[in-house]
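Trainee: Fold the following, please.
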Amino acid sequence: MSDRDKEPSALELTRRELLKLAGGAKEVAGYTHQEMADKLGVYRETVTNGIAELKGDQLIKVGRKRITLLDVGALRKMETI
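Mentor: Numbering: from 1, shown residues only. This next block holds a predicted model:
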């Protein structure tokens with residue numbers, strides 16, 4: 001099985017969605033974990049796990065219906081790894 005055949009991880013799905021929702025800004029506001037999960041077609045827990053991992057890596061800061069992207073460059077670079 002090639003890398004292209006693998007399902008994206010919770011981290012990868014969440015990272016992509018946050019960058020998309022931010023639209024070049026450093027903040028995503030107004031979305032719950034459930035709303036992001038619905039957009040991605042995954043369980044809320046999948047988004048929650050991805051957010052927790054990005055938060056643990058200090059790439060994002062999480063508040064009530066608000067996520068601040070602390071290092072947009074690093075989030076974008078993760079795509080090429």
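Trainee: Which helix or strand contains residue 62?
Mentor: Residue 62 is located in strand 60-63, with elements delineated by DSSP states H and E.
Trainee: Return the list of strands paired to that strand, each annotated with direction.
Mentor: Here strand 60-63 is paired, per DSSP bridges, with strand 66-69 (antiparallel).
Trainee: Give the buried residues for the strand it pairs with.
Mentor: Neighbour-count burial for strand 66-69 flags 67, 69 (criterion: 16 or more other C-beta atoms under 10 Å). In this view, the C-beta of every residue, glycine as well, is placed from N, C-alpha and C.
Trainee: same check, this time on stretch 18-34
Mentor: 18, 19, 21, 22, 28, 31, 33.
Trainee: same thing with stretch 48-61?
Mentor: Taking 16+ other C-beta under 10 Å as the criterion, stretch 48-61 shows 48, 49, 50, 51, 53, 54, 59, 60 as buried.
Trainee: Please list the outside residues in contact with that stretch.
Mentor: For stretch 48-61, contacts defined as C-beta atoms under 8 Å, 6 or more residues apart in numbering pick out 9-15, 18, 33, 62, 67-71, 74-75.
Trainee: and those, which of them are in strands?
Mentor: 62, 67, 68, 69 (DSSP state E).
Trainee: Could you single out the nearest of the residues you listed to residue 38?
Mentor: The nearest member of the ones in strands among the contacts of stretch 48-61 to residue 38, counting by C-beta to C-beta, is residue 67 at 16.2 Å.
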